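Visitor: sequence? don't have it. structure:
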Ligand SMILES: [NH3+][C@H]1C[C@H](O)[C@@H](O)[C@@H]1CO
């Protein structure tokens with residue numbers, strides 16, 4: 001039995017304490033094909049090599065048409081030089097067209113109105129204009145059409161954009177579906193047409209154009225996350241400086257966004273760009289922790305000191321896009337032209353990512369160059385330096401106040417490290433545990449999905465975040481999302497398919513800590529590191545509620561007796577518990593193997609709680 005007494009003394013819990021870390025990671029993808037709601041993969045043939053089969057990823061011909069990716073003789077824009085060439089032989093009479101298989105499938109959901117568009121032209125139009133109609137539809141791979149729309153066209157050597165909508169009347173459990181554009185062969189016999197930026201959106205979160213997937217957004221919203229760190233992580237850095245995430249290439253009309261080869265081996269369309277991130281973060285009630293490129297890329301090279309000005313200017317412009325005055329600043333004017341005249345909320349800027357891989361250049365000039373310039377331009381913002389796994393941070397000048405720590409390890413690390421922040425001196429430093437996760441079993445065996453043993457170990461470590469939230473201002477699990485059909489980094493907090501979302505055991509731990517964060521931490525008798533039982537007591541002051549978190553990382557039950565500094569008037573309390581047998585995982589075949597459940601308990605001056613093995617419990621006491 002563990003006897004816990006607690007007082008009303010303590011410290012404020014920062015409202016930013018629990019949030020989300022995001023980057024476009026995991027091939028087919030956490031951004032494209034994931035959070036970003038575009039359903040068509042390879043919609044604009046960005047960064048592909050014309051004439052190769054890879055250039056046609058996700059595309060296939062319908063009927064006797066010949067399709068290939070060409071460098072258009074008259075591109076739709078300088079950003080999108082490639083197009084799908086669609087050639088129909090003279091004398092063709094049967095239906096011809098092409099299909100797209102989406103990001104490993106396309107969901108068909110009853111009641112959804114899909115919004116589609118595409119650019120098309122006829123490089124060598126016939127002397128007499130040809131007018132006809134395409135049929136845009138959603139169909140099974142077997143050819144069953146679920147919904148369609150008629151899209152009139154007229155041959156023209158100049159690019160036209162067609163738009164259409166259609167509404168599904170059935171829900172298909174299978175996502176083995178295709179988007180198809182087709183036309184009667186006789187209408188286009190002998191013609192070659194070009195298409196690009198072929199797009200199909202489902203309904204989006206908050207109904208935003210070019211927006212985010214609803215079910216993934218709702219899943220994240222259910223965590224009430226306070227912040228969103230973006231756009232990386234490694235995906236900020238580029239393999240080289242030229243491949244970095246450059247904000248300017250990600251704003252404006254989609255037809256003007258070139259896309260880039262991201263750092264996880266696949267194309268990022270950048271349809272999910274800086275504006276879309278910021279609008280969604282605002283819609284989700286979060287605030288951004290926005291990274292700026294700091295001159296280090298994944299090939300290990302750093303931009304020379306003499307070359308930093310380009311990136312300093314780029315960072316200043318990126319921040320002005322977010323918070324600048326649209327009436328006086330050119331970058332802010334782009335924001336306004338996209339629909340957000342007022343500045344977005346922004347308090348935190350992270351300078352780089354994991355710069356401990358290039359400590360010399362970061363310490364010698366990259367940190368100082370960016371910090372000094374950005375702090376001079378935007379003194380009201382907080383600047384986060386990147387560091388290694390522990391609170392023993394390197395010496396940088398100017399001295400950073402805010403540090404981002406990353407740690408990926410096994411359950412024992414998180415259990416034994418539960419007091420890693422208690423031992424840090426209170427010298428004004430503030431820590432962001434920007435990335436952490438149990439990535440292997442104690443044996444070293446890799447994890448494809450989080451498992452209960454690791455998730456409860458994370459919970460023990462997070463009690464340390466609550467307890468030390470006077471110096472821990474933010475924490476986020478990483479990575480956040482992976483597509484079940486193609487992934488590079490596991491485990492991830494949430495796994496999804498085109499029409500399902502799987503909440504991992506670690507998701508529920510993150511959710512419980514975020515929902516029951518409170519605004520004030522109450523000091524209590526503390527346990528020792530590596531003890532199987534940890535606890536945390538926070539309070540929602542306005543609601544008069546106390547959140548007693550109990551973590552038991554042992555496989556056997558442990559009892560905790562709380563002695564409260566008051567007698568609650570409500571003698572029945574409601575608790576929420578996440579617990580499961582050792583090894584349990586939520587997976588595509590067992591998505592709900594471990595989900596939280598509620599329980600009632602007797603709330604008095606003392607509360608005796610028997611915590612099951614491998615459990616995180618939150619007991620809510622109302623004063
Ligand atoms: N290598 C990890 C650390 C980096 O910051 C992330 O991009 C990666 C996965 O979360």
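Guide: It's in. This is a predicted model, so every value here is computed, not measured.
Visitor: do stretch 241-249 and the ligand meet?
Guide: No: shown here: stretch 241-249 not in contact with the ligand (C-beta under 6 Å from any ligand atom), separated by at least 11.5 Å. Quick note: C-beta positions are derived from backbone N, CA and C, even for glycine.
Visitor: which residues touch that stretch?
Guide: Stretch 241-249 is contacted by residues 79, 231-232, 235-238, 257-261, 263, 270, 273-274, 293, 295, 297, 301, 303, 311, 314, 317-318, 321 when judged by C-beta atoms under 8 Å, 6 or more residues apart in numbering.
Visitor: just the buried positions in it, please.
Guide: 241, 243, 244, 245, 246, 247, 249 (16 or more other C-beta atoms under 10 Å).
Visitor: ok, stretch 538-556 next?
Guide: Those would be 538-540, 545-554, for stretch 538-556 by 16+ other C-beta under 10 Å.
Visitor: now swap in stretch 180-187 and tell me
Guide: In stretch 180-187, counting by 16+ other C-beta under 10 Å, buried: 180, 181, 182, 183, 184, 185, 187.
Visitor: count residues in the vicinity of the closest residue to the last one other than its chain neighbours, would you?
Guide: Looking back up the chat, that one is residue 187. Counting by C-beta to C-beta, 6 or more residues apart in numbering, residue 187 lies nearest to residue 132, which is 3.8 Å off, once chain neighbours are set aside. Per other C-beta atoms under 10 Å, the neighbour tally for residue 132 reads 15.
Visitor: contact partners for residue 132?
Guide: By C-beta under 8 Å, 6+ apart, the contact list for residue 132 reads 152, 153, 183, 184, 187, 188.
Visitor: kindly report the same for residue 578.
Guide: Taking C-beta under 8 Å, 6+ apart as the criterion, residue 578 is in contact with 452, 455-456, 505, 508-509, 512, 594-596, 615-617.
Visitor: of the residues you listed, closest to residue 17?
Guide: The closest of these to residue 17 turns out to be residue 512 (C-beta to C-beta; 13.1 Å).
Visitor: ok, the one helix or strand the closest one maps to near the ligand or not?
Guide: Per DSSP states H and E, residue 512 falls inside helix 505-515. No: applying C-beta under 6 Å from any ligand atom, one finds helix 505-515 out of contact with the ligand, separated by at least 13.5 Å.
Visitor: and the helix or strand that comes right after that helix, what does it pack against?
Guide: Counting by DSSP H and E, the next helix or strand C-terminal to helix 505-515 is strand 520-524. The contact analysis (3 or more C-beta pairs under 8 Å, 6 or more residues apart in numbering; DSSP states H and E) places strand 520-524 against strand 2-12, strand 533-540.
Visitor: and the closest residue to residue 447 other than its chain neighbours, what does it touch?
Guide: The shortest distance from residue 447 to any non-neighbouring residue, by C-beta to C-beta, 6+ apart, is to residue 491 (4.5 Å). By C-beta under 8 Å, 6+ apart, the contact list for residue 491 reads 437, 438, 439, 447, 448, 449, 450, 454, 504, 506.
Visitor: out of those residues, give me the one that has the most neighbours.
Guide: Within the contacts of residue 491, neighbour counts (other C-beta under 10 Å) peak at residue 450, which reaches 31 neighbours.
Visitor: ok, and which of the contacts of stretch 241-249 reach the ligand?
Guide: Counting by C-beta under 6 Å from any ligand atom, residue 232 from the contacts of stretch 241-249 sit close to the ligand.
Visitor: can you count the residues close to residue 595?
Guide: Neighbours of residue 595 under the rule other C-beta under 10 Å: 13.
Visitor: where does it land in three-state SS?
Guide: coil (DSSP: H, G, I helix; E, B strand; the rest coil).
Visitor: not counting sequence-adjacent ones, nearest residue to the residue of the stretch 501-623 of the chain found nearest the ligand?
Guide: Here the stretch 501-623 of the chain gets closest to the ligand at one residue, residue 506, 13.5 Å apart by C-beta to the nearest ligand atom. Once flanking residues are discounted, residue 506 sits nearest to residue 450: 3.9 Å by C-beta to C-beta, 6+ apart.
Visitor: tell me if residue 275 really is in a helix.
Guide: Yes: using three-state DSSP, the assignment for residue 275 is a helix.
Visitor: what separation do you get for it and residue 253?
Guide: Using C-beta to C-beta, to the nearest Å, we find residue 275 at a distance of 11 Å from residue 253.
Visitor: could you list which residues are in contact with the residue of the stretch 51-200 of the chain found nearest the ligand?
Guide: Nearest to the ligand in the stretch 51-200 of the chain, going by C-beta to the nearest ligand atom, is residue 103, at a distance of 20.2 Å. By C-beta under 8 Å, 6+ apart, the contact list for residue 103 reads 28, 29, 32, 33, 34, 39, 41, 58, 483, 485, 498.
Visitor: pull out the buried members of these.
Guide: The neighbour count (16+ other C-beta under 10 Å) marks 28, 29, 32, 33, 34, 39, 41, 58, 483, 485, 498 as buried among these.
Visitor: enumerate the residues of this protein near the ligand.
Guide: Contact residues (C-beta under 6 Å from any ligand atom) of the chain with the ligand: 23, 232, 233, 234, 353, 354, 406, 435, 478, 479, 489.
Visitor: and the contacts of residue 578, which is closest to residue 208?
Guide: Of the contacts of residue 578, the one sitting nearest to residue 208 (C-beta to C-beta) turns out to be residue 508, at 27.8 Å.
Visitor: which stretches in the stretch 251-400 of the chain count as helices?
Guide: Ranges of helices within the stretch 251-400 of the chain are 274-283, 309-323, 330-337, 359-361, 367-377, based on DSSP state H, counting those that start in this stretch.
Visitor: tell me the angle the first one makes with helix 309-323.
Guide: Translated: helix 274-283. On the basis of axes from the mean of the first three to the mean of the last three C-alpha atoms, to 10 degrees, helix 274-283 is oriented at 40 degrees to helix 309-323.
Visitor: before we move on, what about the third one?
Guide: If you take the same axes, to 10 degrees, helix 330-337 sits at 40 degrees to helix 309-323.
Visitor: who does helix 330-337 touch, helix- and strand-wise?
Guide: Packing partners of helix 330-337 (3+ C-beta pairs under 8 Å, 6+ apart): helix 309-323.
Visitor: then the second one?
Guide: Helices and strands in packing contact with helix 309-323 are listed as helix 274-283, strand 287-292, helix 330-337, helix 367-377; criterion 3+ C-beta pairs under 8 Å, 6+ apart.
Visitor: mind listing what's buried along that helix?
Guide: 311, 312, 314, 315, 316, 317, 318, 319, 320, 321, 322, 323.
Visitor: for stretch 217-226, same thing?
Guide: Those would be 217, 219, 220, 223, 224, 225, 226, for stretch 217-226 by 16+ other C-beta under 10 Å.
Visitor: I'd like those as CSV, with secondary structure and pLDDT appended.
Guide: Listed next are these as CSV, based on DSSP: H, G, I helix; E, B strand; the rest coil; pLDDT from 0 to 100:
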residue, secondary structure, pLDDT
217, helix, 98
219, helix, 98
220, helix, 98
223, coil, 98
224, coil, 98
225, coil, 98
226, coil, 98
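Visitor: for the residues you listed, which one is nearest residue 283?
Guide: Using C-beta to C-beta, the buried residues of stretch 217-226 come closest to residue 283 at residue 217, 8.2 Å.
Visitor: show me where pLDDT drops low in the stretch 251-400 of the chain?
Guide: Low-confidence segments of the stretch 251-400 of the chain (pLDDT under 70): none present.
Visitor: give me the neighbour count for residue 175.
Guide: Neighbours of residue 175 using other C-beta under 10 Å come to 20.
Visitor: how about it, nearest residue that isn't a chain neighbour?
Guide: residue 105 (3.0 Å).
Visitor: distance of the one you found from residue 178?
Guide: 9 Å.
Visitor: please apply the same query to residue 32.
Guide: In terms of C-beta to C-beta, residue 32 sits 18 Å off from residue 178.
Visitor: one more: residue 613?
Guide: 48 Å.
Visitor: I figured residue 198 hits residue 102, correct?
Guide: No: the pair residue 198 / residue 102 is not scored as a contact, 11.7 Å apart, by C-beta atoms under 8 Å.
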